[in-house]
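Participant: Curious how this folds, go ahead:
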Amino acid sequence: MPTDFRFPDLGEGVTEGEIKKWLVREGDIIKQDQPIAEMETDKAVVEMPSPTGGKVLRLYHAEGETVKVGEVLATIAPEGETPPKEVPMAPVEEARKPSVSVVGELPDEEITVSSKPSVAVAAIPSEVQATPAVRKLAKDLKVDLALVKGTGPGGRITEGDVRAATQPTAPPRPKKVAKFDIYGYIDREQVKGIRRSTSKKMMESTSKTAMVTMMDDADVTELVSLRERIKAVALEERKVKLTYMPFIVKAVVMALKNNKYLNSSLDEEMEEIILKKYYNIGVAVATEEGLMVPVIKVADQKEIMDIAMEIEEMSRKAAERKIDLGDLKGGTFTITNYGALGGTYGNPIINYPEAAILGVGRIREMPWVKSGQVVPRRVMPLSLTWDHRILDGAQAAKFMGELVRYLENPELILAMH
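Facilitator: Alright, predicted model coming up:
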């Protein structure tokens, strides 16, 4: 019997996915566990392995369409299987034939007519090619089999055909259509993929948190000097390009350990603050498709070089769209480095349900007062956004002060294990 392959629940809160690419065509013979499609789910692209082998009878969605968990992706029939014979409809007396159909009657069920003049019933014509199970499904879903085009062998109607008939049909939206308004030409682009996921995530954050942002500067002259001294060693011995981000991650973890409310989330239903005793730091990565946030798990237990290698590897996987879903989940605090693109200060949006996010700006050489003298120093701009439902300004300021102290004294960061 043909199998309807439904978009499975992948866990991690995934409720829908976008078909990036079909890897098979209708009529193809495939093996069990052979990938049939690439699906983009919550910023990651994953392959969908077939639960069974056989012939692909039908693919239900076009590339670029969004599919909900539980919807049918494809119908697959075991190779060489003979379709079940149709069960003929019981003859219906002419006097009992109504003029309006109520769809989905089973072959041997007795037909009744409502006393209401606006309602009547009729059996499905016997020439419809469908098994009893499909006919019952059609009855339950109120689908008129006479209006359904079968995609099974010999035009037989499958369960997938019946379910597809319940879905609203609409013309596909163009990916990019030139229009003209009263001022001139415009283009339209459909919100999809990572941009769609990011849009939903940001709206969720702004609607569910009370965000406040504060800004400060850190004199990172010593950090710049330290990195310059050891980056060649990192490249030679560990084959990794050492950026400032691993140092920032470690400094953040150190500051979080003394300021627990910034490493938490709010259970709104129970009205409880969930204080995390682990430190999973998300690092925002810009890709051609949009922003992704890989998470460095248990960052407090990793050394600078290990974090540098992990960031480099996950950034590469994110750019190639091969990152695992698990690497995008479980964060307790997020860092976004818009300074890499030339920005200074910002107003970063919290990665809900986390309590806070740190924005890092471009390091600049600036005049700085040190020991009563104005001297040139390397300065890193910092922007901290936090959820005012969970913590207050005094706690945020204390965190920021400690973070600045660690960044200005990098030997403290190296001493942390």
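Participant: now stretch 410-417, how far from the centre of its chain.
Facilitator: 35 Å (CA atoms, centre = their mean, to the nearest Å).
Participant: How about stretch 332-343?
Facilitator: That offset, for stretch 332-343, works out to 20 Å (CA atoms, centre = their mean).
Participant: how many other residues sit next to residue 187?
Facilitator: 8 (other CB atoms under 10 Å). Any C-beta I mention is one placed from the backbone N, CA and C, and that applies to glycine too.
Participant: Is it within a helix or a strand, and which one?
Facilitator: Residue 187 is located in strand 185-189, with elements delineated by DSSP states H and E.
Participant: Name the residues that touch the next helix or strand after that strand?
Facilitator: Using DSSP H and E, the helix or strand that follows strand 185-189 in sequence is helix 193-208. Under the contact criterion CB atoms under 8 Å, 6 or more residues apart in numbering, helix 193-208 has outside partners 18, 40, 42-43, 66, 191, 211, 268, 287, 289-292, 349-353.
Participant: What distance do you get for residue 32 to residue 241?
Facilitator: 42 Å (CB to CB, to the nearest Å).
Participant: try residue 397
Facilitator: Going from residue 397 to residue 241 by CB to CB gives 34 Å.
Participant: Next: residue 292.
Facilitator: 19 Å.
Participant: Which of those two has more residues huddled nearby?
Facilitator: Taking other CB under 10 Å, residue 292 and residue 241 do not tie; residue 292 has more neighbours (26 against 12).
Participant: which secondary structure element contains the nearest residue to that one once chain neighbours are set aside?
Facilitator: With sequence-adjacent residues excluded and distances taken as CB to CB, 6 or more residues apart in numbering, residue 292 is closest to residue 318, at 4.4 Å. For residue 318, the element it lies in under DSSP H and E is helix 304-320.
Participant: Helix 193-208 and that helix, what's the angle between them?
Facilitator: 110 degrees (axes from the mean of the first three to the mean of the last three CA atoms, to 10 degrees).
Participant: Check which element follows helix 304-320 along the chain.
Facilitator: Heading C-terminal from helix 304-320, the first helix or strand you meet, by DSSP H and E, is strand 333-336.
Participant: quick revisit: return the members of the contacts of helix 193-208 classed as buried.
Facilitator: By neighbour count, with 16 or more other CB atoms under 10 Å, the contacts of helix 193-208 hold 18, 40, 42-43, 211, 289, 291-292, 349-353 as buried.
Participant: Return the item of these having minimum pLDDT.
Facilitator: The member of the buried ones among the contacts of helix 193-208 with the lowest pLDDT is residue 43, at 66.
Participant: The helix holding residue 318 - what's its average pLDDT?
Facilitator: For helix 304-320, the mean per-residue pLDDT is 95.
Participant: burial measure for residue 275, as a count.
Facilitator: Residue 275: 13 surrounding residues under other CB under 10 Å.
Participant: Got the domain ranges for this protein?
Facilitator: 3-165, 194-415 (automatic domain parsing).
Participant: And the strands in the stretch 151-300 of the chain?
Facilitator: Secondary structure of the stretch 151-300 of the chain by DSSP state E, counting those that start in this stretch: the strands cover 176-180, 185-189, 211-219, 264-267, 272-275, 281-283, 285-287, 290-292, 295-296.
Participant: which stretch in the ones you listed has the least confidence?
Facilitator: strand 176-180 (a mean of 63).
Participant: re earlier: export only the CA atoms of the strand holding residue 187, formatted as PDB.
Facilitator: Provided in PDB are the C-alpha atoms of strand 185-189 (Å, rounded to 0.1, in the frame of the first residue of the first chain):
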ATOM      1  CA  TYR A 185       9.200  51.300 -10.300                       C
ATOM      2  CA  ILE A 186       9.400  49.000  -7.300                       C
ATOM      3  CA  ASP A 187      10.400  45.400  -6.700                       C
ATOM      4  CA  ARG A 188       8.700  42.900  -4.400                       C
ATOM      5  CA  GLU A 189      10.500  40.000  -2.700                       C
END
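Participant: Show me what that strand pairs with in its sheet, parallel or antiparallel.
Facilitator: Strand pairing for strand 185-189, using DSSP bridges, gives strand 176-180 (antiparallel).
Participant: before we move on, back to that, doesn't residue 291 make contact with the residue nearest to residue 292?
Facilitator: No. Judged on CB atoms under 8 Å, residue 318 makes no contact with residue 291 at a distance of 9.5 Å.
Participant: Identify the contacts common to the two.
Facilitator: By CB under 8 Å, 6+ apart, residue 318 and residue 291 have these common neighbours: residue 285.
Participant: Residue 202: neighbour count?
Facilitator: Counted by other CB under 10 Å, the residues lying close to residue 202 total 15.
Participant: Quick check: closest non-adjacent residue to residue 56.
Facilitator: That would be residue 28: by CB to CB, 6+ apart, it lies 4.8 Å from residue 56.
Participant: The one you found reaches residue 57, doesn't it?
Facilitator: No. Using CB under 8 Å, residue 28 is not in contact with residue 57, being 10.1 Å away.
Participant: between those two, who's got more neighbours?
Facilitator: Per other CB under 10 Å, whichever of residue 28 and residue 57 has more neighbours is residue 57, with 22 against 15.
Participant: And for the strand or helix carrying that one, what's in contact with it?
Facilitator: Using DSSP H and E, residue 57 maps to strand 54-59. In this structure, residues lying in contact with strand 54-59 by CB under 8 Å, 6+ apart are 2-3, 22, 24-30, 36, 73-79, 81, 151-153, 158, 160-161.
Participant: Show me the residues you listed that map onto helices.
Facilitator: Under the assignment DSSP state H, the contacts of strand 54-59 contribute 160, 161 to helices.
Participant: Next up, the contacts around the nearest residue to residue 71 once chain neighbours are set aside.
Facilitator: Residue nearest to residue 71 in three dimensions, not counting chain neighbours: residue 7, with 5.4 Å by CB to CB, 6+ apart. Each residue near residue 7 by CB under 8 Å, 6+ apart is listed here: 17, 39, 48, 67, 68, 69, 70, 71, 72, 73.
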